[in-house]
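J.: return a 3D structure for these sequence lines:
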Amino acid sequence: MRPRIIGAAITLLLLAGLPGSGSAAPLPEPPPGDISSNVTFVGNIPEMVSAISIGFIKDSMFVSTAHGVYSYDVSDPAAPVLLSALPMYIWENEDMTVDVKRNLIFISRDPRGFTSPAAPGSAFPYGAVHIIDVSDPNAINQVNVFTVPAGHTTTCINDCKFIWTAGPGASTTTQSEWTGRPIFANDIRDPLNPKECPDPIDMSRNDGVTDYTHDVQVDAKGIAWVSGAGGVRGYWTSGTHRDPVTGKRKSATGCKPIPYAGGGTPESATPSRFMHNAWRNLDVKVDGRKGDVLFGTEEDTSTDCKTSGRFATYDLQGSYRGEGFVNTAKTHFRMKVLDTWTPEGEKGASGCNSAHYFTDRGDGLLAYAFYGQGTRFLDASDPRHIRQVGYFRPDDADTWAAYWHDGYVYVADFQRGVDILKLGGGTGSARVSAPVLDAPTATFEGDPSSGYLCPIRAQVG
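T.: Model (predicted):
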């Protein structure tokens, strides 16, 4: 009972420091840096320092940080109100997934951050998934936690009947032929009794080698796009389809998906070929064709412009017959690149940083995180000609993700907390300044298991 009592006491302290929701406060001054004239700085939640990922259910915002999970009322985006806190030290939960029907969020714990501080040498051979009930945003609580052989991101599949967990395992694996960990899936129709799917998913992804899978994102057609070392591949997870690997028609499930399209990424477009996340907007056209354009992030955290990770657009045509799945150790299949983009030489840029998470407003306008180069608004509606149409680059930016929500953009920034922006004008707001938990101090270094691409907590002292 002691941890629960302590957690409740901390939550009360957090809430006690909040100003009244109707209290007036000075309009915020934009932070020092480069901000385009069409971007309005609406506000900042500095207490959310070490913000990593954000999810929404209606007017409730859930923020995952290195020191816990928090809920906010954002019905007034200019004055978010802290509702509840679930303190826990966790690394890393890069891509929060939300079950809007059952009011659950799923938090992925990386094996490298299974303890605090992180275990030396990635000693833990498993990660974990935390299931949090947010049906009452004023009192969020954990209802279950279970281990999985990997951990870093976890994603809802088939309306959260299943989740797919991706990321690294320990520095040594039980499978000597694996270079990295594939996807591990769980049936969570009963959140209190998750069932592990019998076989890992997305094997042999990198020219025939089972390599590091990083993230999964599901498009409007229900295709699960799996990004990682070597490229991006999409899977059917429901319905009956022809399996291009076997040539037979099968029923796809969250445990037994069927290959759909995608494949390797060319070195000319993404030199590291470590694909971080990907998304398909079914309305974006290339050569008059809808649904054939894939947006993808390459991550390479180098600040050297020649090697820094970039945003790329790909043409899926030519990959629908299993070209990215069949005999790739010999074919070395690569998708066709349409365009790439980095901040190099662009307005508001002070150099280069890797691309990271983005969200699509729905029309090909992306709110895109570029670490120290801040949030970039990119028009990818013409995938052959990506254009920057706005930017927000504070001098202290360490921007990990940017999310469209009800006409605003909420930015998860590891140094700044959560910034709230509006593209194309808007109103000023009160700065949120409630005292919250002291943020843990940490330094970060590249992870050798991913070719130094993903940051991990460094050992200090």
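J.: what are the boundaries of the strands in the stretch 301-450 of the chain?
T.: For the stretch 301-450 of the chain, the strands defined by DSSP state E, counting those that start in this stretch occupy 311-315, 336-341, 358-360, 365-369, 375-379, 387-394, 399-405, 408-413, 417-423, 444-446.
J.: and these, which one's lowest on average pLDDT?
T.: Per-stretch averages of pLDDT across the strands of the stretch 301-450 of the chain put strand 444-446 at the bottom, with a mean of 50.
J.: just to revisit the earlier point, which among the strands of the stretch 301-450 of the chain is found nearest to S302?
T.: When these are ranked by distance to S302, counting by Cβ to Cβ, first place goes to strand 444-446 at 9.0 Å. Using the backbone N, CA and C atoms, a C-beta is placed for each residue, glycine as well.
J.: quick one, what contacts W341?
T.: When contacts are counted by Cβ atoms under 8 Å, 6 or more residues apart in numbering, W341 is found next to 310-312, 378, 386, 388.
J.: that should have said T307, apologies.
T.: Under the criterion of Cβ under 8 Å, 6+ apart, the contact partners of T307 comprise 271-272, 300.
J.: of the residues you listed, closest to A261?
T.: For these, the minimum distance to A261 (Cβ to Cβ) is 22.3 Å, reached by S272.
J.: any idea how far E47 is from the nearest residue to that closest one once chain neighbours are set aside?
T.: By the measure of Cβ to Cβ, 6 or more residues apart in numbering, the closest residue to S272 outside its immediate chain neighbours is D300, 4.3 Å from it. Distance of D300 to E47, given as Cβ to Cβ, to the nearest Å: 31 Å.
J.: and G113, by the same measure?
T.: If you go by Cβ to Cβ, the gap between G113 and E47 works out to 21 Å.
J.: over to K290?
T.: Relative to E47, K290 is positioned 43 Å away (criterion: Cβ to Cβ).
J.: show me which of the two is the more surrounded one.
T.: Counting neighbours by other Cβ atoms under 10 Å for K290 and for E47 shows that E47 has the greater number, 24 against 11.
J.: hang on, that one is in a helix, isn't it?
T.: Yes. Secondary structure of E47 (DSSP: H, G, I helix; E, B strand; the rest coil): part of a helix.
J.: V389: neighbour count?
T.: Around V389 there are 15 residues (other Cβ under 10 Å).
J.: so what's T399 up against?
T.: Applying Cβ under 8 Å, 6+ apart, the residues contacting T399 are 356, 369-375, 411-414.
J.: ok, A269 next?
T.: A269 neighbours (Cβ under 8 Å, 6+ apart): 298, 310, 312, 314, 337, 340.
J.: can you do 10 Å?
T.: By Cβ atoms under 10 Å, 6 or more residues apart in numbering, the contact list for A269 reads 296, 298, 310, 312-314, 334-340.
J.: so which of those wins on neighbours?
T.: Sorting these by how many neighbours each has (other Cβ under 10 Å) puts Y314 first, at 30 neighbours.
J.: I figured that one hits G262, correct?
T.: Yes. Y314 is in contact with G262 according to Cβ atoms under 10 Å; the separation is 8.1 Å.
J.: which neighbours do the two have in common?
T.: Contact criterion Cβ under 10 Å, 6+ apart; residues bridging Y314 and G262 by contacting each: 231-232, 275, 278, 280, 294, 296, 335.
J.: tell me which of these is nearest to D211?
T.: G231 (9.6 Å).
J.: and the helices in this structure?
T.: Counting by DSSP state H, the chain has these helices, from start to end: 2-16, 328-331.
J.: which stretch in those has the least confidence?
T.: Per-segment confidence across the helices of the chain bottoms out at helix 2-16, which has a mean of 36 in mean pLDDT.
J.: so where's the chain uncertain?
T.: Counting by pLDDT under 70, the ranges of the chain that qualify are 1-27, 114-123, 169-176, 425-461.
J.: spatially central residue in it, please.
T.: D95 (3.2 Å; Cα atoms, centre = their mean).
J.: contacting residues around that one?
T.: For D95, the residues meeting the contact criterion (Cβ under 10 Å, 6+ apart) are 52-53, 55, 64, 106, 108, 152-155, 166, 214-217, 276-277, 357, 401.
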